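> Predicted model and sequence follow; I will ask about them next.
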Amino acid sequence: MKTLSSTLSSALLPCLVLALASAPCRADDALAQVIARVKPSIVGVGSLQKTRTPPVNFIGTGFMAGDGLSVLTCAHVIQKLLDANPNEVVGILTGQGEVAQFRPAKVQALDTEHDLALLRLAGTPLPAMALGDAATVREGQAMAFTGFPLGTLLGLHHVTHRATVSSLTPVVVPSENAKRLDVRRLAQLQKAPYTVFQLDATAYPGSSGSPLFDPETGLVYGIVNMVYVKGLKEAAISAPSGITYAIPGSHMQALLLKNK
């Protein structure tokens, strides 16, 4: 003879299974909606030289913040552009596919310590992404980032990757081999290290500057800036490590406030 508790358990079991099965579906739907909403805010970063073929040189990713005329990206992306040809016009790529448009921008500020750059557009603002409180991010938290990992070879097409915050780690870890200590690393070792997000996710060189955001709300908590590379630099594409780093959004907040 069945007891009341066993009857309730057998009745509730199918509901529990159905609820667990539908949870990933709801998460996927939420991410799909967020991606559609944030894509107009995520732009390519590059330079224009009319005498070159093609005239636009893509380097990395950026995203709109603040009033929709401010672009956040990585300092190393901008420095690479300026070092290659200081006479080129720096700017962003907007749109989708083959109809991407180039908009010139001014380099308003560089924060090389935190690998951040702030560009400023003129004209019509673009939709901006909101920054969340990076201090609330915890290990194991689900994230996503959107950018242009393989550049514009096939046109400007946004690519989104899921990510998990696997660790909150100091930005500089002393090298076991003294030969690997360059001037930049030594300078960082002399300062108090700040925390970055280590992500269980695959990113590529073009992903630099991609916003790291909550897959349900779209709030930005960081910016992708570095990939752990196994072996030679070329291995970042052929054999990605699946380890990526992001700068917390608090440093982006500070850069925006400083340059209001």
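It's in. Numbering: from 1, shown residues only.

> For the protein, just list every one of the helices.
In the chain, the helices defined using DSSP state H lie at 4-38, 75-84, 183-189, 235-238, 249-258.

> Identify the residues contacting the residue nearest the centre of the chain.
Centroid check for the chain by CA atoms, centre = their mean gives Ser210 as the closest residue, at 2.5 Å. Contacts for Ser210 (CB atoms under 8 Å, 6 or more residues apart in numbering) come out as 42, 61, 63, 145-147, 203, 223-224. Using the backbone N, CA and C atoms, a C-beta is placed for each residue, glycine as well.

> same deal with Ala144?
Contacts of Ala144 by CB under 8 Å, 6+ apart are 31, 34-35, 160-163, 212-215.

> Out of those, which end up buried?
For the contacts of Ala144, a burial check counting by 16 or more other CB atoms under 10 Å picks out 31, 34-35, 160-161, 163, 212-215.

> Columns pLDDT on top of those, output as CSV?
CSV is the format used below for the buried ones among the contacts of Ala144 (pLDDT from 0 to 100):
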residue, pLDDT
Leu31, 95
Val34, 97
Ile35, 97
Thr160, 95
His161, 94
Ala163, 96
Leu212, 97
Phe213, 98
Asp214, 98
Pro215, 97
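
> Name the nearest of those residues relative to Gln108.
Leu212 (21.9 Å; CB to CB).

> Which residue is the nearest non-sequential neighbour of that closest one?
In this structure, Leu212 finds its nearest non-sequential neighbour in Gly222, 3.8 Å apart by CB to CB, 6 or more residues apart in numbering.

> Thr244 is in contact with that neighbour, correct?
No - Gly222 is beyond contact range of Thr244, at 10.3 Å (criterion: CB atoms under 8 Å).

> Can you pull the poorly scored residue ranges out of the stretch 101-250 of the chain?
153-154, 172-192, 228-242 (pLDDT under 70).

> just to revisit the earlier point, identify the residues contacting the residue nearest to Leu212.
Residues counted as contacts of Gly222 (CB under 8 Å, 6+ apart) are 134, 137, 143, 196-197, 211-212, 246-249.

> Kindly point out which residues are neighbours of both of Gly222 and Thr244.
What both Gly222 and Thr244 touch, as defined by CB under 8 Å, 6+ apart, is an empty set.

> re earlier: could you dump the buried ones among the contacts of Ala144 into CSV and include distance to Ile78?
CSV is the format used below for those (distance: CB to CB, whole Å):
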residue, distance to Ile78
Leu31, 30
Val34, 27
Ile35, 26
Thr160, 24
His161, 23
Ala163, 24
Leu212, 19
Phe213, 22
Asp214, 26
Pro215, 28
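
> Which other helices and strands does the lengthiest strand in the chain contact?
Ranked by residue count, the top strand of the chain under DSSP state E comes out as strand 159-170. In terms of contacts (3 or more CB pairs under 8 Å, 6 or more residues apart in numbering; DSSP states H and E), strand 159-170 is packed against helix 4-38, strand 142-147, strand 195-200.

> residues near the residue nearest to Met252 when sequence neighbours are not counted, how many?
Leaving aside its chain neighbours, Met252 sits nearest to Leu72 (5.5 Å; criterion: CB to CB, 6+ apart). Using other CB atoms under 10 Å, Leu72 has 26 other residues around it.

> what does Leu156 give?
Leu156 has 20 nearby residues by other CB under 10 Å.

> Surely it is in contact with Gln101?
No - with contacts counted by CB under 8 Å, Leu156 stays clear of Gln101, the gap being 9.2 Å.

> Overlap in contacts, the two.
Common neighbours of Leu156 and Gln101 (CB under 8 Å, 6+ apart) are 93, 95.

> so what's Glu88 up against?
47-49, 57, 81 are the contacts of Glu88 under CB under 8 Å, 6+ apart.

> how close does it sit to Lys39?
Using CB to CB, to the nearest Å, one obtains 26 Å as the distance from Glu88 to Lys39.

> Same check on Phe145?
For Phe145, the distance to Lys39 - CB to CB - is 13 Å.

> more crowded one of those two?
Each of Phe145 and Lys39 has its neighbours counted (other CB under 10 Å); Phe145 has more, 29 against 15.
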